[in-house]
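> got a sequence here, can you model it:
(one chain, ligands or ions: 2)
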Amino acid sequence: MDVAETITQCRVMPDAAYEPLWDSIVVPPTVKDRLLRSALLALSLRPNLPFEVTALHGLAVLFGPPGTGKTTLARGLAAQLAPLTSAKKTRFIEVNPHGLMSAEHGQSQRKVAELLGEHIPRLADDGIPTVVLLDEVESMAVARSEASLAANPADVHRATDAVLTALDANAVRTPQLFIVATSNFTRALDAAFLSRADVAIEVPAPDKDGALAILQRTLTGMGQAYPPLADLAYDAGLKRVATKLAGIDGRRIRKAVTEAMLSRIETVLDPGTLTVKDLLAGATTATESSDFKEGDGHAAA
Ligand SMILES: Nc1ncnc2c1ncn2[C@@H]1O[C@H](COP(=O)(O)OP(=O)(O)OP(=O)(O)O)[C@@H](O)[C@H]1O
Ligand SMILES: [Mg+2]
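Ligands and ions are numbered 1, 2, ... in the order given. Have a look, this model is predicted:
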């Protein structure tokens with residue numbers, strides 16, 4: 001695979017398709033504030049000051065359990081930044097890191113170096129502030145611990161070396177880049193990679209209030225096609241549903257609504273007839289089916 005093919009998106013913001021992403025995610029306000037502010041600060045300080053002074057790499061790591069909104073937030077960031085920049089526009093580049101890893105000897109390292117060190121800086125050489133998403137970065141920044149050295153081929157670790165080299169080079173010469181890396185497995189990430197992050201932001205599973213807000217957004221959104229659901233979004237009984245769903249991830253909370261529709265053939269045929277009772281049943285199924293995920297590998301950075 002050519003490195004250009006590992007770029008799945010390269011778009012200039014504003015772009016209507018990216019506008020709704022940021023607001024669709026319900027997280028404590030500090031998560032969004034910290035991500036937006038760190039990107040904005042890095043994009044304004046770095047062009048004006050040498051790396052020796054700021055030590056900024058233009059790298060944020062979002063970590064947390066699966067399904068909490070990390071990828072969506074990272075995809076929405078560039079659109080949020082655009083009106084805050086002097087040019088009123090930004091670029092968003094998404095990379096599929098899995099496409100970089102190759103079984104061929106030395107190829108992963110070469111591809112990482114080419115992509116991060118040459119191809120992406122070239123795409124951003126018009127100076128437009130550019131957000132780069134490295135989703136599920138654990139595949140390309142594998143911890144070079146002894147245990148991992150025994151378990152992984154040396155090539156995997158050479159790819160990590162190439163990531164670090166490219167980050168260091170871009171830190172000095174490409175101040176318009178801001179990289180957002182996401183991961184469920186911060187323990188699997190290389191310590192030197194994490195140390196280069198300007199911020200590491202935990203994206204937690206929603207609490208009771210968060211679960212309620214996600215349910216309301218899901219039902220309001222569905223209300224565009226099934227108007228009674230927009231009213232159901234503000235039913236007082238929804239709080240009980242949210243209490244049941246607190247602590248499971250946002251992806252499963254949204255799916256709990258469709259799970260509830262599955263409980264009766266009437267709601268399958270006409271989703272607008274969904275009730276709080278159905279939602280309570282759906283919440284029970286959703287929490288039970290999320291139990292098997294307990295203990296999945298994620299850890300604080
Ligand atoms: N906090 C949240 N608020 C609202 N919706 C959410 C939230 N988290 C997840 N979702 C829903 O789940 C979908 C998937 O979220 P996303 O892919 O961003 O999660 P993720 O943290 O990147 O997951 P993974 O770690 O599995 O890659 C979103 O499009 C959204 O519909
Ligand atoms: Mg993700």
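> check the burial of the residue in the stretch 201-301 of the chain that ligand 1 sits nearest to by counting its neighbours.
Per C-beta to the nearest ligand atom, G250 is where the stretch 201-301 of the chain lies closest to ligand 1, at 2.2 Å. Placement of C-beta: from N, CA and C, glycine included. When neighbours are counted by other C-beta atoms under 10 Å, G250 registers 26.
> got the residues of the stretch 151-300 of the chain near ligand 1?
Residues of the stretch 151-300 of the chain that fall close to ligand 1, judged by C-beta under 6 Å from any ligand atom: T182, N184, P206, I214, G250, R251, R254.
> cutoff 5 Å now
N184, I214, G250, R251, R254 (C-beta under 5 Å from any ligand atom).
> please report how far the first one lies from D249.
As for N184, its distance to D249 is 11 Å (criterion: C-beta to C-beta, to the nearest Å).
> equivalent analysis for A162, please.
A162 sits 32 Å away from D249, going by C-beta to C-beta.
> and the longest helix along the chain, what does it pack onto?
Taking DSSP state H as the criterion, the chain has its longest helix at helix 154-173. Where contact means 3 or more C-beta pairs under 8 Å, 6 or more residues apart in numbering; DSSP states H and E, helix 154-173 is packed against helix 107-114, helix 146-151, helix 191-196.
> mean neighbour count, those: which tops it?
helix 107-114 (a mean of 21; mean count of other C-beta atoms under 10 Å).
> quick one: that helix to chain centroid distance?
In terms of C-alpha atoms, centre = their mean, to the nearest Å, the centre of helix 107-114 is set 23 Å apart from its chain centre.
> same thing with stretch 6-22?
Centroid separation for stretch 6-22 versus its chain: 13 Å, with C-alpha atoms, centre = their mean.
> hey, what's in contact with both of N184 and D249?
Jointly contacting N184 and D249 under the rule C-beta atoms under 8 Å, 6 or more residues apart in numbering are P65, P66.
> so which residues of the chain form strands?
Taking DSSP state E, the strands of the chain run over residues 7-13, 59-63, 90-95, 130-134, 177-183, 199-202.
> same question for the first one, mean pLDDT?
So that's strand 7-13. Mean pLDDT, computed over strand 7-13, is 97.
> one more: the third one?
For strand 90-95, the mean pLDDT works out to 97.
> also the fourth one?
Model confidence over strand 130-134 averages 98 on the pLDDT scale.
> thinking again about what came up before, thought the residue of the stretch 201-301 of the chain closest to ligand 1 was touching A205?
Yes: between G250 and A205 a contact is recorded at 7.5 Å, counting by C-beta atoms under 8 Å.
> joint contacts of those two?
T68.
> tell me the centre residue of the protein?
T71 (2.1 Å; C-alpha atoms, centre = their mean).
> where's that residue relative to P97, distance?
Per C-beta to C-beta, T71 is found 12 Å from P97.
> now for the two: what residues contact both?
D135.
> once you drop chain neighbours, what's closest to P227?
In this structure, P227 finds its nearest non-sequential neighbour in G272, 6.8 Å apart by C-beta to C-beta, 6 or more residues apart in numbering.
> what's around the one you found, how many residues?
For G272, the count of nearby residues is 15 (other C-beta under 10 Å).
> so what's it up against?
Contacts for G272 were tallied using C-beta under 8 Å, 6+ apart; they are Y226, P227, P228, L229.
> could you flag which of the residues you listed are buried?
Buried members of the contacts of G272, counted by 16 or more other C-beta atoms under 10 Å: Y226, P228, L229.
> with pLDDT added, can I get these in CSV?
Output for the buried ones among the contacts of G272, formatted as CSV (pLDDT from 0 to 100):
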residue, pLDDT
Y226, 98
P228, 98
L229, 98
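> these into JSON lines, with extra columns for distance to P175?
Conversion of those to JSON lines gives the following (distance: C-beta to C-beta, whole Å):
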{"residue": "Y226", "distance to P175": "48"}
{"residue": "P228", "distance to P175": "52"}
{"residue": "L229", "distance to P175": "47"}
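> good, we can wrap up now.
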